[in-house]
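[1] turn this into a model:
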Amino acid sequence: MESRIYKKNLSLGFTQSKHDYSLYVRSDNGKFLIALVYVEDVLLTGNNEEDIVSVKAALDAKFTIKDLGPATYFLGIEICRTANGTYLNQRKYILGLLKESGLTAAKPADTLFPSDIKLSLTSGKLLASAKSYRRLVRRLLYLTMTRPDISYPVQHLSQFVSNPTDEHMQAARHLLRYLKGTICEGLFYLVQQSLQLTWFSDADWASCVMTRRSLTGYCIFLGHSLISWKTKKQPTVSRSSTEAEYRSMAATTCELLWLSYLLTDLHVPVKLPITLFCDNKSAQLIAANPCFHERTKHLAIDVHFTRDKIEEGFLQTAHIPSKLQLAELMTKPLTHEQHSILSSKLGLSAPPV
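    Here you go, the predicted model:
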């Protein structure tokens, strides 16, 4: 089916993006049309209503489609549009998770994890069947599409899918109780004039007690809107916090390059240089003036890559205090107060009334 839609879109004058194969763009004399395809679901948008109607008619003639009108629900994501912006959440999806886990009547939790649990590969007793834990973690991973505030705990829980224990399941269920208390929260995308890219990069050095690898965390904004975020364990052990921070900067630079290409496909101008907010001054100094001595020569690839982008004028670095580092939400457990402050700065909020 996807190949048939691909051929039909090309025949309608669309060009497939080289940076996201599910994205098709058509531009002609100021008229702009975008088609986002997922298997048999297609999301259409553009600046000319007549073009949208004609494309839907052409697709219906070929495939007999069902026109659902303005998007309100797409792939488990609820969409609410107001005069001030667009709100995305997965409230219905969370309700399904709670019902499946038998927690619809449970007391909401204020924290992401129980304070008295230190998870490891050997903590707790092995579950008789790992199927339910694996399914729950898979579904939580999908939920991070609109809930960046749970990126850190979901990454942490994902480490134990091979041999989950009762303590791992207890922590996962505690996270569901947190979600119950914040069930209506989602991302709000404000109508705005500024489309300047900015990004926050952070690392938690040697945070994994099992491998002593560090965590990379980043969040990228277009104007005031969060458009990309990730929590991921670094592939190698870092010998210092500066090294961990620099590897995180290099990983985020790759994501930023991809986003700049994608925005170009969408005819969104990318204003340079893009500001990187980092709370590690040593990593910033290496980016500004890389000195290859015994402590940094093994970082040559990451140093050259990030440094080249700074010299090209693509990036610039800026220091930010740790308490204002939004990417900290992606790399470590925080107090309830700090978690709430940073979550609100990411654009997480309740739906408009």
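[2] list the buried residues for stretch 44-60?
    44, 46, 51-52, 55, 59 (16 or more other CB atoms under 10 Å). All C-beta spots, glycine's among them, are computed from the backbone N, C-alpha and C.
[3] show me those residues that map onto helices.
    The helices, defined by DSSP state H, take in 51-52, 55, 59 from those.
[4] out of those, which comes closest to Ser343?
    Ile52 (35.0 Å; CB to CB).
[5] does the closest one touch Val42 like I think?
    No. With contact defined as CB atoms under 8 Å, Ile52 does not reach Val42; the gap is 11.2 Å.
[6] low-confidence bits of the stretch 251-353 of the chain, can you list those?
    Low-confidence segments of the stretch 251-353 of the chain, defined by pLDDT under 70: 289-303, 352-353.
[7] which non-adjacent residue is nearest Ala283?
    Glu245 (4.0 Å; CB to CB, 6 or more residues apart in numbering).
[8] okay, now that neighbour: neighbour count?
    Glu245 is flanked by 27 other residues according to other CB atoms under 10 Å.
[9] which helices and strands does the host helix or strand of it pack with?
    Per DSSP states H and E, Glu245 falls inside helix 241-265. Counting contacts by 3 or more CB pairs under 8 Å, 6 or more residues apart in numbering; DSSP states H and E, helix 241-265 packs against strand 23-28, strand 197-204, strand 215-222, strand 225-233, strand 274-278, helix 281-288, helix 300-311.
[10] chain center to that helix: distance?
    13 Å (CA atoms, centre = their mean, to the nearest Å).
[11] kindly report the same for stretch 159-167.
    24 Å.
[12] other residues contacting it?
    Around stretch 159-167, the neighbours that count as contacts under CB atoms under 8 Å, 6 or more residues apart in numbering are 117, 119, 121, 123-127, 130, 133-134, 137, 168, 208, 210, 233.
[13] lowest-confidence entry in those residues?
    Lowest pLDDT within the contacts of stretch 159-167 is found at Ile117 (73).
[14] would you agree that one is in contact with Ala171?
    Yes. In terms of CB under 8 Å, Ile117 counts as a neighbour of Ala171; the distance is 5.7 Å.
[15] who's more crowded, these two?
    Neighbour tally, Ile117 and Ala171, criterion other CB under 10 Å: the higher count belongs to Ala171, 21 against 13.
[16] in the host helix or strand of that one, what's buried?
    Assigning secondary structure by DSSP H and E places Ala171 in helix 166-181. By neighbour count on 16+ other CB under 10 Å, the buried set for helix 166-181 is 167-169, 171-180.
[17] what residue lies at the spatial centre of this protein?
    Trp229 (3.2 Å; CA atoms, centre = their mean).
[18] ok, now which ones touch that one?
    By CB under 8 Å, 6+ apart, the contact set of Trp229 is 148, 151, 217-220, 330, 346.
[19] what would those residues look like in JSON lines with distance to Leu187 and neighbour count?
    Below are these laid out as JSON lines (distance: CB to CB, whole Å; neighbours: other CB atoms under 10 Å):
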{"residue": "Pro148", "distance to Leu187": "8", "neighbour count": "24"}
{"residue": "Ser151", "distance to Leu187": "13", "neighbour count": "21"}
{"residue": "Gly217", "distance to Leu187": "17", "neighbour count": "29"}
{"residue": "Tyr218", "distance to Leu187": "16", "neighbour count": "26"}
{"residue": "Cys219", "distance to Leu187": "11", "neighbour count": "29"}
{"residue": "Ile220", "distance to Leu187": "13", "neighbour count": "22"}
{"residue": "Met330", "distance to Leu187": "15", "neighbour count": "29"}
{"residue": "Leu346", "distance to Leu187": "8", "neighbour count": "22"}
